[in-house]
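Engineer: Please work out how this folds:
(one chain, ligands or ions: 1)
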Amino acid sequence: MTTTSSVTVVGLGPMGTALAETLLRQGHSLTVWNRTPEKADALVAQGAHRAADITEALSTSEVTVLCLKDYDTIYRIFDTDALHGSVLINLNSGTPAEARAAAKWATEAGADYLDGAIMVPPFLVGHPESVFLYSGSRDVFDKHQATLTTLGDPRYLGTDTGLAVLYNTALLDLMYATMNGFLHAAALASSADVSAETFAELALGWFLPFVVTPSLVEQAPDLDKANYPGTYGTMEMNLNALDHITRTSVEQGIHADLPRLMKAFGEQATTEGYGANNYLAVFEIFKKRAKA
Ligand SMILES: NC(=O)c1ccc[n+]([C@@H]2O[C@H](COP(=O)([O-])OP(=O)(O)OC[C@H]3O[C@@H](n4cnc5c(N)ncnc54)[C@H](OP(=O)(O)O)[C@@H]3O)[C@@H](O)[C@H]2O)c1
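Structural biologist: Residues are numbered from 1 along each chain as shown. Now for the predicted structure:
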């Protein structure tokens, strides 16, 4: 592993600017390029070099970090002839197929390519516990790990270039499902004039960390084995619980589609033969949908 001392950042939106400021603060020799050049003014005042064009941006540093709006934007700004011999680490969001296509495009143009995803907002860039996910070229990751560690906690996921954005999307999926679960539960509590703050104390301060998270951690290995023992509660029992949530929502006058939807997943699992298993057998329903 070598420490890369010269880095180019292409794309100076809120995230690209945070990456550039962090690299500069950590003593890297920094070159920047942005479609709207004046967004680099503050960085230049702090010691960054403003590349005159994208070709100079690529050729000036050992590694080029891309932080643009999306994958399409990359194709718009780069002249593929200029890519030969460069090392690209791309941190924009997108889909696994887009990431794999970008890797193919870069490799065919003679560049090394590593894909990545940023799991924190701009103000947490540079914090040692801020996770950045990477996938694709192991060689690029290993060679530039010291530079990547400047930005946060770099996690290499595997050679499949699509993995970083897939993990990113899966974690956002978890975040939105958890937020909606909490919001619906808080709405239920609010129907009896319980404040969200009061409810959060028990729901987020105790229930999630003491009951929900540990039981999912314990049962995750069982998901991989499709092992859903109904020893402590069957799908039928869970359907009763989901029915209570649905009926209570209706009774209390709050939106009932979310529990109805969760109940529908359990009913489908029962129809498909998982009635005596525990609720996590719903995993089989989700996987089937994913393959469809
Ligand atoms: N902000 C966050 O909290 C966050 C967190 C995690 C991941 N990300 C990801 O990081 C990436 C960058 O996000 P961001 O928040 O910095 O802002 P953004 O609005 O997603 O991207 C802004 C950058 O894209 C450039 N751009 C857009 N269209 C362009 C075009 N047609 N040609 C050339 N450049 C173009 C902008 O240039 P101009 O300045 O000239 O418009 C600017 O450099 C995104 O993929 C985002 O999903 C962001």
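Engineer: in the stretch 151-292 of the chain, which spans are helices?
Structural biologist: Remark: helices assigned in the stretch 151-292 of the chain by DSSP state H, counting those that start in this stretch are 163-190, 196-202, 213-224, 235-252, 257-269, 282-291.
Engineer: packing partners for the longest one?
Structural biologist: Using 3 or more C-beta pairs under 8 Å, 6 or more residues apart in numbering; DSSP states H and E as the contact criterion, the elements in contact with helix 163-190 are helix 96-108, strand 112-118, strand 131-136, helix 196-202, helix 235-252, helix 257-269. Just so you know, the C-beta spots here come from the backbone N, C-alpha and C atoms, and that holds for glycine as well.
Engineer: okay, which residue is most central for this structure?
Structural biologist: Closest to where the C-alpha atoms of the chain average out (C-alpha atoms, centre = their mean) is Asn168, at 2.1 Å.
Engineer: what residues are up against it?
Structural biologist: Each residue near Asn168 by C-beta atoms under 8 Å, 6 or more residues apart in numbering is listed here: 93, 117, 119, 133.
Engineer: if we can go back for a sec, tell me which of the helices and strands packed on helix 163-190 approaches the ligand most closely.
Structural biologist: Checking the helices and strands packed on helix 163-190 against the ligand by C-beta to the nearest ligand atom gives strand 112-118 as the closest, at 4.1 Å.
Engineer: What strands flank that closest one, and is each parallel or antiparallel?
Structural biologist: If you go by DSSP bridges, strand 112-118 pairs up with strand 87-90 (parallel), strand 131-136 (antiparallel).
Engineer: so for stretch 129-149, what's the average pLDDT?
Structural biologist: In this model, stretch 129-149 has an average pLDDT of 97.
Engineer: buried set for that stretch?
Structural biologist: Residues of stretch 129-149 classed as buried by neighbour count (16 or more other C-beta atoms under 10 Å): 130-137, 140-141, 143-145, 147-148.
Engineer: How about the contacts made by the residue of the chain found nearest the ligand?
Structural biologist: Using C-beta to the nearest ligand atom, the closest approach of the chain to the ligand is made by Gly13 at 2.5 Å. For Gly13, the contact set (C-beta under 8 Å, 6+ apart) comprises 67-69.
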